[in-house]
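In: here is a sequence together with a model predicted from it:
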Amino acid sequence: MNLVTDYFGLNKKQSDIDFVDVNMDGDSKLFINPALLCESTDADISLIGPKKVDSFFKKIFELYIAGHRRQALDELFENSKESNANHLGYSKGYSRGNGASKQALAKLFDTIQKTGALAQDIMIQPISILIFAHDFGPDRMSDLIVSILKKELVSYTLKEAKRLNILIESEIISYGEYWDCETSSWKEISGEWVKGSDGKPLIFTPKQTVSSQYGFSVNDYVRKTVWTWRKSYHVEKQTSLARTKYDESGKMSYVEPTSKTLQEEEIDKPYGNVSGKWKLYALEMTIQNPKLYNQYFGNFTNTGLINKNKSLTDDEISEIIKNG
C-alpha cells in the first residue's frame with residue numbers, strides 16, 4: 001500500500017487531512033457522490049460544483065429534445081472518461097463498453113420522452129439517471145463528475161499541496177477538459193501538477209464528497225415507492241396477486257401481495273434474464289404512474305440528500321482504502 005500521506009512523508013492520518021488518503025498503487029472502491037458535493041470544505045466545489053453538474057445535465061436534455069441525440073450521448077460518454085488521477089472507483093484499464101451503454105441510454109431517453117412533462121425532471125437529474133439507466137452506475141457517474149469539475153479539483157489539489165508542503169511540479173501540463181457552465185461547453189485546463197508515485201498527475205478528492213455506495217438505487221426506489229403503490233393497487237383491484245383471507249365470521253378480505261410475490265410476478269417472470277430488468281421495471285411503473293417519481297425524488301431536497309447520503313467517517317474511509 002502506498003498512501004499519499006506515507007509517500008509524501010506527511011506524518012498524518014486520514015483524520016488530519018481534508019482529502020481522501022488514497023492508495024496510489026491501485027484504486028479504492030469509493031465514488032464521488034453528486035449529493036455530497038455541497039458538503040466539501042472547499043467553497044468552489046461545494047458552491048460551484050452542484051451548479052456545474054446541473055448545467056451539464058440540462059445541456060444534455062436540451063440537445064436530446066432538439067433532436068441532436070448523437071451529440072448529446074457523445075457529450076455524456078466521451079467525457080465521462082475513466083479517471084486514474086484520483087485513484088477512486090473500480091480497477092481501471094478495462095473497457096466499459098461505451099457502445100452498448102450509449103444504446104441503452106438512448107433507449108432510456110427515448111422512452112423517458114414518452115412521459116411528457118416528467119421527461120425533463122428525469123433527464124436533468126443525475127440521481128434519476130443512475131436509477132433508470134442500465135450500465136450507468138456510481139463508477140461512471142463518479143468519473144463524469146471528475147471530468148465536469150476538473151478545474152475545481154485541480155485547483156483544490158494545488159491548494160492542499162501548498163498547505164501541506166507537497167512538491168508541485170512547475171511544468172505546465174494538460175489535465176484534459178472540464179465543463180464550463182458559462183458557455184455550456186468543454187474547455188481544456190492546463191497547469192502545474194502534483195506527481196504521484198506512478199509519475200503521473202495526482203488529483204486529490206475532498207473526503208466529504210465520497211461514498212462507498214450511493215444512498216439511492218433502483219432497488220430502493222422499487223421497494224420503498226413502486227411496491228408500496230403496487231401492493232395497494234392489487235388489493236384495490238382485487239387482482240390474482242392479492243391474497244384472500246377470512247375472519248371468524250367467514251367474511252373475506254384481500255391482503256397485499258408480499259414483496260417476494262411482486263418480484264416473482266412483476267419482474268422475474270415478465271423480464272426473465274433480461275439485463276437490467278429492475279431498471280426496466282422501475283421505468284415502466286413510473287410511466288404508468290408518474291406520481292411515483294415525485295413521491296420518491298421529492299424527498300431528495302438538499303436536506304434529504306444529505307441525510308440519506310451522509311459523508312463517511314475517517315475510520316470508514318481508512319478501512320475501505322485498506323481493503324482495496
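Out: Cool, got the structure.
In: next, count neighbours for Lys51.
Out: Neighbour count for Lys51, taken as other Cβ atoms under 10 Å: 11. Placement of C-beta: from N, CA and C, glycine included.
In: report pLDDT for it.
Out: The per-residue pLDDT reported for Lys51 equals 93.
In: my guess is it contacts Cys181, does it?
Out: Yes: between Lys51 and Cys181 there is a contact under Cβ atoms under 8 Å: 6.3 Å.
In: for Thr313, phi and psi?
Out: Per-residue torsions, Thr313: phi -80, psi 170 (degrees, to the nearest 10).
In: neighbouring contacts of stretch 110-126?
Out: 34, 53-54, 57-58, 60-61, 64-65, 109, 128-129, 132, 141, 283, 286-287, 290, 293-294, 297 (Cβ atoms under 8 Å, 6 or more residues apart in numbering).
In: quick one: end-to-end length of that stretch, please.
Out: With Cα to Cα, to the nearest Å as the measure, the ends of stretch 110-126 fall 17 Å from one another.
In: buried stuff in it?
Out: Going by neighbour count (16 or more other Cβ atoms under 10 Å), the buried part of stretch 110-126 is Thr111, Ile112, Thr115, Leu118, Ala119, Gln120, Asp121, Ile122, Met123, Ile124, Gln125, Pro126.
In: what of stretch 196-204?
Out: For stretch 196-204, the neighbour count (16+ other Cβ under 10 Å) marks Gly196, Ser197, Pro201, Leu202, Ile203, Phe204 as buried.
In: distance-wise, check the last one relative to Phe61.
Out: This points to Phe204. 31 Å (Cβ to Cβ, to the nearest Å).
In: count the residues that sit near Asp268.
Out: 13.
In: quick one: contacts for the closest residue in space to Glu177 that isn't next to it in sequence?
Out: In this structure, Glu177 finds its nearest non-sequential neighbour in Trp186, 4.2 Å apart by Cβ to Cβ, 6 or more residues apart in numbering. Shown in contact with Trp186 (Cβ under 8 Å, 6+ apart): Glu75, Asn79, Glu177, Tyr178, Trp179, Asp180.
In: can you verify Trp186 is assigned to a helix?
Out: No: if the criterion is DSSP: H, G, I helix; E, B strand; the rest coil, then Trp186 is strand and not within a helix.
In: what mean pLDDT does stretch 182-194 have?
Out: In this model, stretch 182-194 has a mean pLDDT of 93.
In: same question, stretch 204-211
Out: When pLDDT is averaged along stretch 204-211, the result is 96.
In: now swap in stretch 16-26 and tell me
Out: Stretch 16-26 comes out at a mean pLDDT of 94.
In: can you list the residues that contact that stretch?
Out: Around stretch 16-26, the neighbours that count as contacts under Cβ under 8 Å, 6+ apart are 1-5, 7, 10, 13-14, 28, 30, 41-42, 86-88, 91, 156-157, 160, 164, 196-198, 202, 204-207, 210, 317-318, 321, 324.
In: how about that stretch, which residues are buried there?
Out: So, applying 16+ other Cβ under 10 Å, buried residues of stretch 16-26: Ile17, Asp18, Phe19, Val20, Asp21, Val22, Asn23, Met24.
In: what of stretch 228-246?
Out: Buried-residue list, stretch 228-246, by 16+ other Cβ under 10 Å: Arg230, Lys231, Tyr233, His234, Val235, Leu241, Ala242.
In: ok, so of these, who is nearest Asn219?
Out: Nearest to Asn219 among the buried residues of stretch 228-246 is Arg230, at 14.7 Å by Cβ to Cβ.
In: before we move on, back to that, which one of the contacts of Trp186 is nearest Tyr271?
Out: For the contacts of Trp186, the residue nearest Tyr271 by Cβ to Cβ is Glu75; the value is 30.2 Å.
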